[in-house]
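**Q** Next come a sequence and a model predicted from it.
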Amino acid sequence: MFGLSIAYRKLEVALDRVTARIAEHISGEKQYQECARRALPILVRQAEAGNSIFYSDLAKELGMPNPRNLNYVLGSIGRTIENLRKEWKEKVPPIQCLVINKREHLPGEGIGWFLIKEEEFRKLPPARKRALVDAELAKVYGYPRWRKVLQTLNLSLPPQSYEELNKAAAKLGGGESQSHRMMKEFVSRHPSVVGLPYSTGEGELEKPLPSGDRLDVSFSTKAGWVAVEVKSEISDEVDITRGLYQCVKYIAVMQAVEASEKREINARALLAIAGELPEKLIPLRNTLGITVVENVPSK
């Protein structure tokens, strides 16, 4: 069985690389090309926000049930960027490398076709892959003409606006509910429900930060400092919106604490919610780059 899984993995890698080479420009009428025209503006949004995006998150935002079907979509985007690079006679970075997997936080092997054609990306050691991808991501984030790319292709940024939700979230207040207290206590005792190792010790409740904020649950793991913001079943879209922004703030403050104490910077914060993330908030979650753990129990 183990040997069979390796064989399947090798087949997937080979298909990724072939897909990158044969996918066509996004201007066609094939289904994957139409999907590529919807995906590219999302990637431009992510580039301008300075955040990568997981395959599964992009697939969900596009309404695709299987993230594996993104291979041709991303290959089509890559081919289009290659064509623009030749036409404009300037280096347009491969924006599709923003889409990463959850296991290694790296793009699919097909990205190697657009990065280093003279050697096989999949054969490189992880550190070399990481260095290559990080260098390209820096170029993607710093490229100033993504809006021009969209304009040239008759595309535009996604129209989502969160102005009303943001205003409502800014006004939200009130004391702690019993359901919120029960859920954060449960999370503190069961770190595995938010994806942390079973070996993780019990989390600290209401951990204070120098900014005056308090983390619902704080875990200290071998991999670093992890904060969990909790939203129970009574939280609506407005409250969940507030939770997403709170995670952004907590990450910044936690990393500042690590820097001031001369510690390695590896703090992260995630949002745990009792139900599923409202569809309206999926683009905001992706834009902000916040991990959301759904359907977390309270007992």
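**A** Nice, I can see it.
**Q** Show me what the longest helix anywhere in the chain is in contact with.
**A** Ranked by residue count, the top helix of the chain under DSSP state H comes out as helix 237-260. Contact with helix 237-260 is made by 162, 165-166, 168-170, 172, 209-211, 213, 215, 225, 227, 229, 231, 235, 264-271, 273, 277-278, 280-281, 284-285, 288, 290, 292, as judged by Cβ atoms under 8 Å, 6 or more residues apart in numbering. Where C-beta positions appear, they are placed from N, C-alpha and C, glycine not excepted.
**Q** Show me the residues you listed that map onto strands.
**A** Judged by DSSP state E, the contacts of helix 237-260 include Leu215, Trp225, Ala227, Glu229, Lys231, Arg268, Ala269, Leu270, Leu271, Ile273, Val292 as members of strands.
**Q** Which positions within the longest helix of the chain qualify as buried?
**A** Of the residues in helix 237-260, 238-247, 250-251, 253-255, 257-258 count as buried by neighbour count, 16 or more other Cβ atoms under 10 Å.
**Q** For PyMOL, write the selection for the buried entries among the contacts of helix 237-260.
**A** This is how PyMOL selects the buried members of those, with burial counted by 16+ other Cβ under 10 Å:
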select buried, resi 162+165+168+169+209+215+225+227+229+231+235+267+268+269+270+271+273+277+281+284+285+288+290+292
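**Q** For the nearest residue in space to Ile234 that is not next to it in sequence, what is the enclosing helix or strand?
**A** In space, and not counting its chain neighbours, Ile234 is closest to Ser179: 5.5 Å by Cβ to Cβ, 6 or more residues apart in numbering. Here Ser179, judged by DSSP states H and E, is contained in helix 178-189.
**Q** do Pro41 as well
**A** Counting by DSSP H and E, Pro41 is part of helix 31-49.
**Q** Just give me how far that helix sits from the chain centre.
**A** Distance, stretch centre to chain centre, for helix 31-49: 14 Å (Cα atoms, centre = their mean, to the nearest Å).
**Q** Contacts for it, please.
**A** Helix 31-49 has contacts (Cβ under 8 Å, 6+ apart) with 23-27, 52-53, 58, 61-62, 64, 69-70, 72-74, 76-77, 80, 95-96, 98-99, 140-141, 143, 146-147, 149-150, 153, 155-158, 283, 286-289.
**Q** Swap in 7 Å and give it another go.
**A** Helix 31-49 is contacted by residues 24, 26, 52-53, 58, 61-62, 72-73, 76-77, 95-96, 98, 140-141, 146, 150, 155-158, 286-287 when judged by Cβ atoms under 7 Å, 6 or more residues apart in numbering.
**Q** buried set for it?
**A** Buried residues in helix 31-49, counted by 16+ other Cβ under 10 Å: 32-33, 35-47.
**Q** right, and the helix or strand after that helix?
**A** Heading C-terminal from helix 31-49, the first helix or strand you meet, by DSSP H and E, is strand 53-54.
**Q** What pairs with that next one, parallel or antiparallel?
**A** When pairing is defined by DSSP bridges, strand 53-54 lines up against strand 99-100 (parallel).
**Q** Can you flag which of the contacts of helix 31-49 belong to helices?
**A** Among the contacts of helix 31-49, the members falling in helices (DSSP H) are 58, 61-62, 72-73, 76-77, 140-141, 146, 150, 286-287.
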